[in-house]
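K.L.:
pasting the sequence and the predicted coordinates here, then a few questions.
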Amino acid sequence: EAQVTQNPRYLITVTGKKLTVTCSQNMNHEYMSWYRQDPGLGLRQIYYSMNVEVTDKGDVPEGYKVSRKEKRNFPLILESPSPNQTSLYFCASSSDRSGNQPQHFGDGTRLSIL
Amino acid sequence: LAKTTQPISMDSYEGQEVNITCSHNNIATNDYITWYQQFPSQGPRFIIQGYKTKVTNEVASLFIPADRKSSTLSLPRVSLSDTAVYYCLGPGGGSTLGRLYFGRGTQLTVWP
């Protein structure tokens, strides 16, 4: 089954404790992206990757890092989480790097930073 | 980057047709227009995509005028289960290839 898998689904942690949210897709997609969703603000792109070892900033990259060492995985790293990063996070992938092909989304990761 | 503008919310009753319009004034020549549906605490789900004129699938229709500066998602005979947020996606071509803008979407509420 074609899918995008995020882990963990839920996480409560404390300010400053490094965390990683993993994202993996099994569709051999070149394009992967991270979004955060906050009430009233819709989906905002954090980082995206159009190929292995190629990553770029989206609209809200501050406080986040990503890496794309292999095609299937695109982890989101919060080096020193802060409460304003409490949010619902989605990972997505697409066969087309321009965004002109539909994106497949994971089920989301709800992060709470205390 | 083709930023989009949609109504924040819409209300409808079961059985009615709902039309949600999105404006994307600076859409690039090669960009497709894509609509997604999102239920609470779930990831967005692809509904329909088009380039120009009209596209129809089993879920919805998409109308795109000749100038492509707007598009209208049409949901025929909505039911309570169509209550969701609908996003019109503006991809970024050229120097912003890969940059995608979902915006705030349109909250559709269907009443019995």
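P.N.:
Thanks, I have the structure now.
K.L.:
need the residues of chain A near chain B, please.
P.N.:
Within chain A, the positions lying close to chain B (CB under 8 Å from any CB of the partner chain) are A:4, A:31, A:33, A:35, A:40-45, A:48, A:50, A:56, A:58-59, A:88, A:90, A:92, A:97-100, A:102-108, A:110. Any C-beta I mention is one placed from the backbone N, CA and C, and that applies to glycine too.
K.L.:
tell me the SS of residue B:26?
P.N.:
Assigned state for residue B:26: coil (three-state reduction, DSSP: H, G, I helix; E, B strand; the rest coil).
K.L.:
buried ones among the residues of chain A next to chain B?
P.N.:
Buried residues within the residues of chain A next to chain B, counting neighbours by 16 or more other CB atoms under 10 Å in any protein chain shown: A:4, A:31, A:33, A:35, A:42-45, A:48, A:50, A:56, A:58-59, A:88, A:90, A:92, A:97-100, A:102-106, A:108.
K.L.:
among those, which ones are in strands?
P.N.:
A:4, A:31, A:33, A:35, A:42-45, A:48, A:50, A:56, A:88, A:90, A:92, A:104-105 (DSSP state E).
K.L.:
next, give me the two most distant ones among those residues.
P.N.:
A:50 and A:88 (24.2 Å; CB to CB).
K.L.:
report the strands that pair with the lowest-mean-pLDDT helix or strand in chain B, each with its relative direction.
P.N.:
Of all the helices and strands that make up chain B, strand B:100-101 has the lowest average by mean pLDDT, DSSP states H and E, namely a mean of 84. The strands that strand B:100-101 pairs with in its sheet are strand B:84-91 (antiparallel) (by DSSP bridges).
K.L.:
what's the partner strand in contact with?
P.N.:
Contacts with strand B:84-91, where a contact means CB atoms under 8 Å, 6 or more residues apart in numbering or on different chains, come from A:42-43, A:98-100, B:1-4, B:6, B:20, B:22, B:24, B:27-28, B:31-39, B:44, B:47, B:71, B:73, B:99-103, B:105-108.
K.L.:
of those, buried ones?
P.N.:
Buried by 16+ other CB under 10 Å: A:42-43, A:98-100, B:1-2, B:4, B:6, B:20, B:22, B:24, B:27-28, B:31-38, B:44, B:47, B:71, B:73, B:99-103, B:105-108, out of these.
K.L.:
return the subset of these lying in helices.
P.N.:
Counting by DSSP state H, no part of the buried ones among the contacts of strand B:84-91 is found in helices.
K.L.:
kindly export stretch A:64-77 (C-alpha atoms) in CSV.
P.N.:
Extracted as CSV, the C-alpha positions of stretch A:64-77 are listed here (Å, rounded to 0.1, in the frame of the first residue of the first chain):
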residue,chain,number,x,y,z
TYR,A,64,13.9,23.4,12.2
LYS,A,65,16.4,21.3,10.3
VAL,A,66,15.9,18.6,7.8
SER,A,67,18.1,16.1,5.9
ARG,A,68,17.6,13.9,2.9
LYS,A,69,20.3,11.3,2.8
GLU,A,70,18.1,8.7,1.1
LYS,A,71,15.1,9.0,-1.2
ARG,A,72,12.5,7.5,1.1
ASN,A,73,13.3,9.3,4.3
PHE,A,74,13.0,13.0,5.2
PRO,A,75,13.3,13.6,9.0
LEU,A,76,12.4,16.8,10.7
ILE,A,77,14.8,17.9,13.5
